[in-house]
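>>> Okay, sequence plus prediction incoming.
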Amino acid sequence: MILPGAEAAHGGTPAAPELRSPWSGRSALPGWWRLMARRQRAALDELLRAACAAAPALQALDDAALAAAAERARAALRAATTRAAGAGRGAPWPAAAAAVAELAARSTGLRPDTAQLEAALAITQGRLVDAGPCSGKTLALAMAAVLGAWAGRR
């Protein structure tokens, strides 16, 4: 048995024309992803600039003063993330990242560069980071782990 197609007329009346959207075949999703990526990149760049600006003041401190500054940054970060239900952005993140970077530099002798600091901040915001060989991934992951622990995340 052969069934009539959609274009076939039933009872002598012509088939209704197919309605097509002007957006058919196109998707707004790639544009949305690009816009979100630009916004996230701008927010990450802002956090990185603030952390790099806070770093020289921490480098001038002695060990006891640095420990006190790190404790203040940890407390501020914990308070901000519990108050904002785990928000990934805000004022305490750059100070905490700068403190963690200085603590890492003093304890390991390896001063993190801006790419490693940027990777640590991106990881704490839940983003994936791809880095090449010998780019300091271990130090970036360690800083991200400390920042996550200070924020009260598992």
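Sure thing, it's come through.
>>> Pull out the buried residues from stretch 127-140.
Within stretch 127-140, the residues scored as buried using 16 or more other C-beta atoms under 10 Å are 129, 136, 139, 140. Where you see a C-beta, it was placed from the backbone N, CA and C, and this is true even at glycine.
>>> buried ones in the host helix or strand of residue 37?
For residue 37, the element it lies in under DSSP states H and E is helix 29-59. Neighbour-count burial for helix 29-59, with 16+ other C-beta under 10 Å as criterion, is recorded at 44, 47, 48, 50, 51, 52, 54, 55, 58.
>>> What lies in contact with the strand or helix carrying residue 145?
Per DSSP H and E: residue 145 is located in helix 137-150. For helix 137-150, the external contacting residues (C-beta atoms under 8 Å, 6 or more residues apart in numbering) are 73-74, 77-78, 93, 96-97, 100-101, 103-104, 108, 110, 112, 115-117, 119-121, 123-124, 129, 131, 154.
>>> just the buried members of those?
73-74, 77-78, 93, 96-97, 100-101, 103-104, 112, 116-117, 119-121, 123-124, 129.
>>> Farthest pair within the buried residues of stretch 127-140?
129 and 139 (12.5 Å; C-beta to C-beta).
>>> so where's the chain shaky on pLDDT?
Along the chain, the model assigns pLDDT under 70 to residues 1-30, 84-90.
>>> Mind doing that once more with 50?
1, 3, 86-88 (pLDDT under 50).
>>> ok, so of the buried residues of helix 29-59, who is nearest residue 38?
residue 44 (10.7 Å).
>>> Just the CA atoms of the helix holding residue 145, as PDB, please.
Coordinates of each C-alpha in helix 137-150 appear next as PDB, following Å, rounded to 0.1, in the frame of the first residue of the first chain:
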ATOM      1  CA  LYS A 137      50.800  22.800  35.600                       C
ATOM      2  CA  THR A 138      51.700  21.300  38.900                       C
ATOM      3  CA  LEU A 139      52.300  24.700  40.600                       C
ATOM      4  CA  ALA A 140      49.100  26.000  39.000                       C
ATOM      5  CA  LEU A 141      47.100  23.000  40.300                       C
ATOM      6  CA  ALA A 142      48.600  23.300  43.700                       C
ATOM      7  CA  MET A 143      47.600  27.000  43.900                       C
ATOM      8  CA  ALA A 144      44.100  26.200  42.700                       C
ATOM      9  CA  ALA A 145      43.800  23.500  45.300                       C
ATOM     10  CA  VAL A 146      44.800  25.900  48.100                       C
ATOM     11  CA  LEU A 147      42.400  28.600  46.800                       C
ATOM     12  CA  GLY A 148      39.600  26.000  46.600                       C
ATOM     13  CA  ALA A 149      40.300  24.800  50.200                       C
ATOM     14  CA  TRP A 150      40.400  28.400  51.500                       C
END
